[in-house]
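>>> Prediction below, plus the sequence it came from.
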Amino acid sequence: MNYTTVVGLEVHVQLQTATKLFCGCLNKFNPDNPNVQTCPVCLGLPGALPVMNRRAYELAVKTAIALNCNIAEFTKWDRKQYYYPDLPKAYQISQYDLPFSSDGWLEIEIDDETGETKRIGIIRAHLEEDAGKNIHDETGGNRDSRVDLNRCGTPLVEIVSQPDLSSAEEARIYLEDLRRLLKSLEVSDCNMQEGSLRCDANVNIHVHTDDGKTIATPLVEIKNLNSFRNVEMAIEYEAVRQFQEWQETGKTFGEVLKRTFGWNADRGFTFEQRMKEEASDYRYFPDPDLMPVTITSEQVGAIQQTVGESPVDMRKRFQEAYELSRYDASVIIDQGKSFSRYFESVGKKCGNGKSAANWTTQDVLRELNERKIEIELFPVTDETLGILLHKIELDEITVKSAREVFEILLAEADAGKSVTPARVDAIIDEKNLRIVSDTGELEKIINEVLRKNEQIVADFRGGKQGAIGPLIGQVMRQVGAADAKVVREIIVRKID
Amino acid sequence: MTSPLSVEEIQRVAELGRLKLSSEEVSEYTGQLGAILEYVAKLQDIDTEDVEPMAHAVEVQNVFREDEPRESLPCDAALVNAPKTDGEFFLVPQILGGGGA
């Protein structure tokens, strides 16, 4: 007897708009200043009227197109009624029977090594408003809960997958690939710590009995999983729990209503929360405050134009065009579209993809993290870095010198100086970093050094390999930016 | 007159609406709401065979606003109607478990 895990995910993605879905309050993560981004509309005050944010609708459509969904020509918004302190209207404006999109799919790569893919169905994606945030007293005391409505009314796309995911690992991969796609579309920052991407998992198992039957267990929805790791661990735990429960109770799918579980991330177990109200209890009805939205195929086509290259296609192209490993290409793409563009521009200018990848994913990324800035604000532009790295390719400077120039450029930018591509050459000259390619002069100096150090030369000839070090050192001290490798080669040639 | 609504249905609706009803109120509303439903049920007599379902009573579509920020209320104004606050947050009796969205 064994079982397979069956998972469908509901993913809530916060859209990167300037303002909320139905009012002009800022859509900004701002936990340190609670209740400063509200107005009569998102507070649900009587008489206030919501008006749809055009940008939110367009970003939602863009998301659905990238997920290969059909875009509905006609869509409307409905009220989903429930009472909760983070929802002051006592209803959420959501979409019920006519979501703006449906029937899509996302292809995920379930095996890195073989590149094997699996197509995960998307039932629908709909556009709805987010609720506020409740902060509970976690000291164990009986204190009041605090409610911050800054987030209330911000735009969310809910993406509902088919139960096509067959393991906790597949669920994690689906989320990772979905996140990569959404980030590259620039529809959401997908920051899980800030709650821009949240996930509920619908889980049950199919038990395969020894006599060849398949039995499905009752459905459980695990709410509010806020990291990839938690998604994977919670599903793994839940599958085992359901198998045990089935062995104890024998209850199967349909005999028990869908239940809602939470996940205790600290202690690693799922636990039952309230019984889910039946769908009809939300008493959905069309929101009379909002007008339906229609879209033409021309408009869909125009948004389609903005979708661009998928992260998977981009990764494959980077691997091929810049001779990168799958890993390196993924690291770049995971940093988002602007970063990928930066890398590509550096790669083209410097003519060595591997070198461009090393510099952008190590030096540049480290500086971005330290400075806590995005690539758009990085003082060393793609053009400047490309020119600098090209000089390594031309054997004009060493990698070590390039690093020195890079640091000087950053220091100058920090000091408020403007860092133009022209500074690269200027710094190389100021610091005397240019590799002496005039071997005539270099050979003259080397001859001089060799003549002055007969004993060391003799030691080297006698088989003492290490003796060459001091010789190289003496030459380097005189020529400054000579390439140590070249110096070594000339010395070896002369002595041997 | 027997109501088309049962007492249990009224109690369920009251529960969903977070209304506390006395047993007198339950029986009173069972009759009153039932009468309203019966009245509205007359609409069932209309032949809607060839009528398209309607999503909105007003024949207007595609009403959008641009994604442009407008000034929000200051915090103290946002909190002014709240029964209980700490000057920054709305305060509500302790809640457990997750909400919707």
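Done, it's in.

>>> Could you list the low-pLDDT ranges of chain A?
Applying pLDDT under 70 to chain A flags residues A:140, A:274-280, A:437-439, A:480.

>>> got the contact list for whichever residue of the stretch 301-450 of chain A sits closest to chain B?
Using CB to the nearest CB, the closest approach of the stretch 301-450 of chain A to chain B is made by residue A:303 at 14.2 Å. From N, CA and C alone the C-beta is placed, and that goes for glycine too. By CB atoms under 8 Å, 6 or more residues apart in numbering or on different chains, the contact set of residue A:303 is A:58, A:61-62, A:65.

>>> Without its sequence neighbours, what residue ends up closest to the closest residue to chain A within chain B?
Using CB to the nearest CB, the single residue of chain B nearest to chain A is residue B:70, 3.0 Å away. Leaving aside its sequence neighbours, residue B:70 sits nearest to residue A:24 (CB to CB, 6 or more residues apart in numbering or on different chains; 3.0 Å).

>>> what does residue B:16 give?
residue A:281 (6.0 Å).

>>> part of a strand, is the one you found?
No: read with DSSP: H, G, I helix; E, B strand; the rest coil, residue A:281 is helix and lies in no strand.

>>> what about it, distance to residue A:96?
The spacing between residue A:281 and residue A:96, counted by CB to CB, to the nearest Å, is 13 Å.

>>> How about residue A:333?
Residue A:333 is 36 Å from residue A:96, by CB to CB.

>>> And those two? Which one has more around it.
Set side by side, residue A:333 and residue A:96 show more neighbours around residue A:333, with 22 against 17, by other CB atoms under 10 Å in any protein chain shown.

>>> can you pull out the strands in the stretch 201-350 of chain A?
Assignment of strands within the stretch 201-350 of chain A using DSSP state E, counting those that start in this stretch yields the ranges A:214-216, A:220-225, A:259-264, A:269-275, A:285-286, A:293-294.

>>> So which of these is the most surrounded?
strand A:220-225 (a mean of 21; mean count of other CB atoms under 10 Å in any protein chain shown).

>>> strand partners of that one, parallel vs antiparallel please.
The strands beside strand A:220-225 in its sheet (DSSP bridges) come out as strand A:197-208 (antiparallel), strand A:259-264 (parallel).

>>> residues making contact with it?
In contact with strand A:220-225 (CB under 8 Å, 6+ apart) are residues A:198-204, A:231, A:234-235, A:238, A:242, A:258-263, A:270, A:273, A:276, B:98.

>>> All the helices of chain B, residue numbers only.
Counting by DSSP state H, chain B has helices at residues B:7-16, B:23-40, B:75-79.

>>> out of those helices, deepest packed?
By mean count of other CB under 10 Å, the helices of chain B have helix B:75-79 as the most buried, with a mean of 18.

>>> Can I get it in CSV? Just the C-alpha atoms.
Output in CSV follows, covering the C-alpha atoms of helix B:75-79 (Å, rounded to 0.1, in the frame of the first residue of the first chain):
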residue,chain,number,x,y,z
CYS,B,75,-4.2,58.4,11.1
ASP,B,76,-6.3,60.2,13.8
ALA,B,77,-9.1,60.9,11.3
ALA,B,78,-9.1,57.3,10.1
LEU,B,79,-9.5,56.1,13.7
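
>>> what's the burial count for the nearest residue to residue A:386 once chain neighbours are set aside?
Spatial nearest neighbour of residue A:386, excluding adjacent residues (CB to CB, 6+ apart): residue A:349 at 2.5 Å. Counted by other CB under 10 Å, the residues lying close to residue A:349 total 20.

>>> where in chain B is pLDDT low?
In chain B, residues with pLDDT under 70: B:1-2, B:96-101.

>>> Check it and tell me which residue is nearest its centre.
Note on chain B: the residue nearest the mean C-alpha position is residue B:17, at 7.5 Å, using CA atoms, centre = their mean.

>>> got the phi/psi numbers for that residue?
phi -90, psi 10 (degrees, to the nearest 10).

>>> Could you tell me how far the residue sitting furthest away from the middle of chain B is located from residue A:494?
Here chain B reaches farthest from its C-alpha mean at residue B:50, the gap being 30.5 Å by CA atoms, centre = their mean. Noted for residue B:50: a distance of 101 Å to residue A:494, by CB to CB.

>>> ditto for residue A:264
From residue A:264 across to residue A:494, the span is 72 Å (CB to CB).

>>> just residue A:109 next, same as before
In terms of CB to CB, residue A:109 sits 55 Å off from residue A:494.

>>> Neighbour count for those two, which is higher?
residue A:109 (16 against 13).

>>> Would you agree the residue nearest to residue A:386 is in contact with residue A:384?
No: using CB atoms under 8 Å, residue A:349 is not in contact with residue A:384, being 9.3 Å away.

>>> Between the helices of chain B, which one is closest to residue A:461.
With CB to CB as the measure, helix B:75-79 is the member of the helices of chain B nearest residue A:461 (82.5 Å).

>>> which residues sit against the closest one?
With CB under 8 Å, 6+ apart, helix B:75-79 has contacts from A:33-36, A:38, A:43, A:149, B:72, B:85, B:87-88, B:90.

>>> and of these, the nearest to residue B:55?
residue A:43 (26.5 Å).

>>> now the closest one: how far from residue A:87?
Taken as CB to CB, the span from residue A:43 to residue A:87 is 11 Å.

>>> Need the residues touching each of these two.
Looking at what touches both residue A:43 and residue A:87 (by CB under 8 Å, 6+ apart), the common residues are residue A:152.

>>> Need the three-state assignment for the residue of chain A found nearest chain B.
Nearest residue of chain A to chain B: residue A:24, at 3.0 Å (CB to the nearest CB). Three-state call for residue A:24 (three-state DSSP): coil.

>>> Could you report the neighbour count for it?
Neighbours of residue A:24 (other CB under 10 Å): 21.

>>> Up against chain B, what does the stretch 201-350 of chain A have?
A:223-224, A:260, A:262, A:273-274, A:277, A:281, A:283, A:286, A:288, A:290-294 (CB under 8 Å from any CB of the partner chain).
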